[in-house]
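Q: A structural model of the following input is requested.
(chains A, B, C and D)
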Protein chains: 2
Amino acid sequence: MLDKFHQYLSSKVVLSPAEWEKISRICVFRTLIKGEFLLREGEKTADLIIVVQGCIRTYLADSLGKIRINSFAIENEWAGDAQSVGRGVPSKYSIDAIEPTTVVLINNLKFEALCRQIPHLNQFLTDNLKECLSGSRGQHDLVTIPTADDKYRSFSARHPELLARVPQYMIASYLGITPESLSRIRKKLAKERFFTVS
Amino acid sequence: MLDKFHQYLSSKVVLSPAEWEKISRICVFRTLIKGEFLLREGEKTADLIIVVQGCIRTYLADSLGKIRINSFAIENEWAGDAQSVGRGVPSKYSIDAIEPTTVVLINNLKFEALCRQIPHLNQFLTDNLKECLSGSRGQHDLVTIPTADDKYRSFSARHPELLARVPQYMIASYLGITPESLSRIRKKLAKERFFTVS
DNA sequence: CGATTCTTTGAAAACAGTCAATCTGTGTGG
DNA sequence: CCACACAGATTGACTGTTTTCAAAGAATCG
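A: All right, here's what the predicted structure looks like:
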């Protein structure tokens, strides 16, 4: 797993062996079984989270139980609320694994200290934050689409990899619709496709 | 305006006069009248945008004309799609001023070069990206609230300053509901408050 | 297998959207 | 200073989509 993470990092930035050595020393790997929590609402955390293998979801629970999924993170994606990390602010979100997953946890303070020493690593952080921001905006664009089936259409075009990987009721939650509606939409679309193809 | 921006920056990071001098040299101020565009969908831009005075909105237009507002930015807030900046990617979003507004435009490449020289400025960038990310997540949390009146309630609790400043039909767009619905919701809430207070 | 978890289906109710008309306030030009 | 035009907000009646609730089918996993 360390190797896999090294590979990913190397694909993003140029690092000398000595630099990688420093970075790897502050990486903590954690393996989660399906359904296992990485963070619960209200808990504090000081770690950045990067998925090495698997898939985790970040979600919000309203007053009584119903959850809304904010984001999925798969291989090499970051998760978590970058802002609350390292500020002692309790997280609004919960994070758990939806398949067997391995993540790297990196202490935010240590990471920022390293960023000051390693300019390339700093670039990596900045780029990633921008990517997360862009992803979040994209997700926002998605959920504000006014009709449920356009939401789903848009989602499947944009995230085919998740479509295959994530249970339907979670996609529904991510899109802000009910699983029942999603099921009906899929049925309708399948029918449309059938008449269109031949 | 330069002063105002200096004040803001100083409140965020410690800068020597020499550093501020360097930064100020790459700042371009631009004043917009109400309704004036800063960026249109499809255009490219290489500049970071920070509002010094006034209010701008970032929005997305769907296939025929209807717009969905992604975000408002008021004094000292950043706007724009951090990722598309400086990559030659045409913007998905349009940005215009909803009141008389002054913004600072900072060329992204020049800014990043300065960040490499001035660690504190780099910290400022990182912090701001995190804040933008957090803001975007918050906005997402808002629009995924399932009922329109909870959306509005949540919005007014979270952004009282915008409530007073932004026309209602724009707030409706921001929340993903119609102006008519918002009007009815406000009426209902006013009635509830009337019976609750006395 | 047997049991949980996930998806599908149906019918009714609630909610928000649409369309169209009216109302209100503000700023402009005669 | 008034009248008009315009942008924004409100209201009503109606339509349509989505939710809800409930139950039955698949699928998956130990």
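
Q: Stretch A:28-45 vs chain B: in contact?
A: No: legend: contact between stretch A:28-45 and chain B by CB under 8 Å from any CB of the partner chain is lacking; minimum distance shown is 12.3 Å. Every C-beta, even on glycine, is put in place using the N, C-alpha and C of the backbone.

Q: In that stretch, which residues are buried?
A: Within stretch A:28-45, the residues scored as buried using 16 or more other CB atoms under 10 Å in any protein chain shown are A:30, A:32, A:38-39, A:45.

Q: now, which of the residues you listed sits nearest B:Gln123?
A: Closest to B:Gln123 out of those is A:Thr45 (20.6 Å), distances taken as CB to CB.

Q: Can you spell out the domain ranges of chain A, please?
A: Per automatic domain parsing, the structural domains of chain A span A:2-132, A:145-198.

Q: Redo the ones you listed as TSV? Include mean pLDDT and distance to B:Ser134.
A: Formatted as TSV, these follow (pLDDT from 0 to 100; distance: least, CB to CB, whole Å):
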stretch	mean pLDDT	distance to B:Ser134
domain A:2-132	92	4
domain A:145-198	91	19
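
Q: any idea which of those is most buried?
A: Among those, domain A:2-132 has the highest mean neighbour count (mean count of other CB atoms under 10 Å in any protein chain shown), at a mean of 17.

Q: end to end, how far does it reach?
A: 23 Å (CA to CA, to the nearest Å).

Q: Let me see the ranges of the helices in chain A.
A: A:2-12, A:17-25, A:108-117, A:119-143, A:148-158, A:160-165, A:168-175, A:179-197 (DSSP state H).

Q: Beta-bridge partners for A:Ile95, please?
A: Beta-bridge pairing for A:Ile95 (DSSP bridges): A:Leu39, A:Thr58.

Q: The residue minimising distance to the centre of chain A: what's it in contact with?
A: Closest to where the C-alpha atoms of chain A average out (CA atoms, centre = their mean) is A:Ala73, at 2.3 Å. With contact set as CB atoms under 8 Å, 6 or more residues apart in numbering or on different chains, A:Ala73 has these partners: A:49, A:51, A:55-58, A:79.

Q: Which residue is the nearest non-sequential neighbour of the closest residue to DNA strand C within chain A?
A: The nearest approach of chain A to DNA strand C comes at A:Gln168, 2.9 Å away (CB to the nearest atom of the strand). Distance criterion CB to CB, 6 or more residues apart in numbering or on different chains; nearest residue to A:Gln168, sequence neighbours excluded, is A:Leu182 at 5.9 Å.

Q: which bits of chain A sit near DNA strand C?
A: Listed as neighbours of DNA strand C in chain A under the rule CB under 7 Å from any atom of the strand: A:146, A:167-170, A:179-180, A:182-184, A:186-187.

Q: Now for the residues you listed: which two are most distant?
A: Farthest pair in the residues of chain A next to DNA strand C, by CB to CB: A:Pro146 and A:Pro167, 24.9 Å.

Q: Check the offset of stretch A:117-127 from the chain's centre.
A: 20 Å (CA atoms, centre = their mean, to the nearest Å).

Q: Any residue of it touching chain B?
A: Yes: contact of stretch A:117-127 with chain B (CB under 8 Å from any CB) involves A:119, A:122, A:125-126.

Q: Sort out for me which of the contacts of A:Ala73 are in strands.
A: Assigned to strands by DSSP state E, the following of the contacts of A:Ala73 qualify: A:49, A:51, A:56-58, A:79.

Q: just those now: which is nearest A:Gly65?
A: A:Gly65 has its nearest neighbour among the ones in strands among the contacts of A:Ala73 in A:Arg57, at 16.0 Å by CB to CB.

Q: Surely the closest one is in contact with A:Arg68?
A: No: between A:Arg57 and A:Arg68 there is no contact under CB atoms under 8 Å: 10.6 Å.

Q: which residue packs closest to the residue nearest to the centre of chain A, ignoring adjacent ones?
A: Spatial nearest neighbour of A:Ala73, excluding adjacent residues (CB to CB, 6+ apart): A:Ala79 at 4.0 Å.

Q: Surely that neighbour and A:Asp96 touch.
A: No: counting by CB under 8 Å, A:Ala79 does not reach A:Asp96; the two are 10.6 Å apart.

Q: Which residues are in contact with each of the two?
A: The contact sets of A:Ala79 and A:Asp96 overlap at A:38, A:56 (CB under 8 Å, 6+ apart).

Q: that older thread, out of the domains of chain A, which comes closest to A:Gln139?
A: domain A:2-132 (6.4 Å).

Q: chain center to the closest one, what's the gap?
A: Domain A:2-132 has its C-alpha centroid displaced from the chain centroid by 9 Å (CA atoms, centre = their mean).
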